[in-house]
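A.B. asks: I would like the atomic coordinates for the input below:
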Amino acid sequence: MVENKNNKLILAIFGVITAIVWISPFYIMVVNSFKSRREIFASTLAFPIEFTLENYVVAAQALTLRVALTNSVVITIGSIIVILACASMAAYALQRTKTKTSQFIFYLLITSMLIPFQAVMIPLISFMSSLGLTGNRHGLIFMYLGFNCSMAMFLINGSLQSIPVSLDEAARIDGCNPFQTFFIIIVPLLKPILVTVAILNSIAIWNDYLLPSLTLVGSGSRELQTLPMRIFFFFGQYTKQWELAMAALTMSIVPIVAFYFVAQKQILDGITQGAVKQ
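C.D. replies: Next comes the predicted model:
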């Protein structure tokens with residue numbers, strides 16, 4: 001009993017320390033967003049002596065928040081829809097087709113996750129530019145599909161293994177074609193893992209700076225910039241506007257954090273859905 005209590009105490013202490021480590025960046029960001037620059041330099045961890053909302057007003061104006069937020073939302077939602085549609089259909093077709101060819105294609109796609117973006121960055125942008133897919137949103141969404149579809153397929157494939165093939169056979173007996181079987185029978189059962197894939201990719205795409213900065217170039221690029229690209233405006237070569245940057249970062253994480261809390265239950269279900277193979 002004493003040993004169990006000691007183990008629980010050690011785990012509790014470890015959990016508290018881990019929580020502090022994870023929460024501390026958010027604490028620093030939010031607290032400093034209400035300070036003046038002088039207060040930030042005086043003490044980064046202390047609470048603000050005088051709370052001010054002026055940082056948020058100035059940051060929103062400098063960001064052209066409405067335009068940047070619209071771009072981020074359109075690109076993120078568009079990318080998630082395309083990724084979920086393509087990855088789920090591809091995973092279903094490959095998982096239900098038990099041939100050497102389907103297995104080879106699946107493992108080939110999974111292996112592509114090992115290729116770092118930096119290794120293909122320059123030839124990718126050059127090739128996409130030759131196709132006229134740079135300087136616009138749909139080209140960026142197409143590239144997000146290429147880089148994120150493999151991981152989505154891998155996760156969805158794990159969940160598909162827990163769905164018995166007998167459901168497909170019963171649907172065919174009832175007169176469903178493959179598309180009806182997939183969308184009417186399979187997709188509702190994949191809801192938890194689809195939400196998990198959506199939130200994981202949303203976080204990555206929403207916070208991405210490198211690929212949009214390489215893709216959204218050319219005339220009118222300022223009107224296409226996402227929130228991370230606009231926030232970089234506060235970090236100049238000689239001066240850094242920390243108080244405005246903290247306010248802008250706080251505003252930028254609100255939508256994705258809200259989405260996470262709304263979908264939290266589905267995310268936990270999706271993580272454990274493919275744990276047991278039937």
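A.B. asks: neighbouring contacts of stretch 104-122?
C.D. replies: Residues outside stretch 104-122 that contact it (Cβ atoms under 8 Å, 6 or more residues apart in numbering) are 90, 94-95, 147, 149-151, 153-154, 157, 210-211, 214. From N, CA and C alone the C-beta is placed, and that goes for glycine too.
A.B. asks: Counting only helices, which of those residues make the cut?
C.D. replies: Using DSSP state H, the subset of the contacts of stretch 104-122 located in helices is 90, 94-95, 147, 149-151, 153-154, 157, 210-211, 214.
A.B. asks: Drop anything exposed from those.
C.D. replies: Ala90, Leu94, Gln95, Phe147, Cys149, Ser150, Met151, Met153, Phe154, Asn157, Leu211, Leu214 (16 or more other Cβ atoms under 10 Å).
A.B. asks: before we move on, back to that, could the contacts of stretch 104-122 go into JSON lines alongside pLDDT and distance to Gly236?
C.D. replies: Formatted as JSON lines, the contacts of stretch 104-122 follow (pLDDT from 0 to 100; distance: Cβ to Cβ, whole Å):
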{"residue": "Ala90", "pLDDT": "91", "distance to Gly236": "44"}
{"residue": "Leu94", "pLDDT": "90", "distance to Gly236": "49"}
{"residue": "Gln95", "pLDDT": "87", "distance to Gly236": "50"}
{"residue": "Phe147", "pLDDT": "90", "distance to Gly236": "30"}
{"residue": "Cys149", "pLDDT": "91", "distance to Gly236": "37"}
{"residue": "Ser150", "pLDDT": "90", "distance to Gly236": "37"}
{"residue": "Met151", "pLDDT": "90", "distance to Gly236": "35"}
{"residue": "Met153", "pLDDT": "92", "distance to Gly236": "41"}
{"residue": "Phe154", "pLDDT": "90", "distance to Gly236": "41"}
{"residue": "Asn157", "pLDDT": "89", "distance to Gly236": "46"}
{"residue": "Leu210", "pLDDT": "88", "distance to Gly236": "19"}
{"residue": "Leu211", "pLDDT": "91", "distance to Gly236": "23"}
{"residue": "Leu214", "pLDDT": "88", "distance to Gly236": "21"}
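A.B. asks: For these, which two are the farthest from each other?
C.D. replies: Gln95 and Leu214 (33.9 Å; Cβ to Cβ).
A.B. asks: helices or strands next to the helix or strand hosting Ala19 in the packing?
C.D. replies: Following DSSP states H and E, one finds Ala19 within helix 2-32. The contact analysis (3 or more Cβ pairs under 8 Å, 6 or more residues apart in numbering; DSSP states H and E) places helix 2-32 against helix 242-262.
A.B. asks: before we move on, back to that, turn the buried ones among the ones in helices among the contacts of stretch 104-122 into TSV, including distance to Trp242.
C.D. replies: Formatted as TSV, those follow (distance: Cβ to Cβ, whole Å):
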residue	distance to Trp242
Ala90	45
Leu94	49
Gln95	49
Phe147	32
Cys149	38
Ser150	38
Met151	34
Met153	41
Phe154	39
Asn157	44
Leu211	26
Leu214	26
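A.B. asks: Among those, which one sits closest to Asn201?
C.D. replies: Closest approach between those and Asn201, by Cβ to Cβ: Met151, at 8.1 Å.
A.B. asks: Now do the contacts for the closest one.
C.D. replies: So Met151 contacts Met113, Val197, Leu200 (Cβ under 8 Å, 6+ apart).
A.B. asks: Which of the residues you listed are buried, as a ChimeraX select command?
C.D. replies: In ChimeraX, a selection of the buried entries from the contacts of Met151 looks like this (16+ other Cβ under 10 Å):
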select :197,200
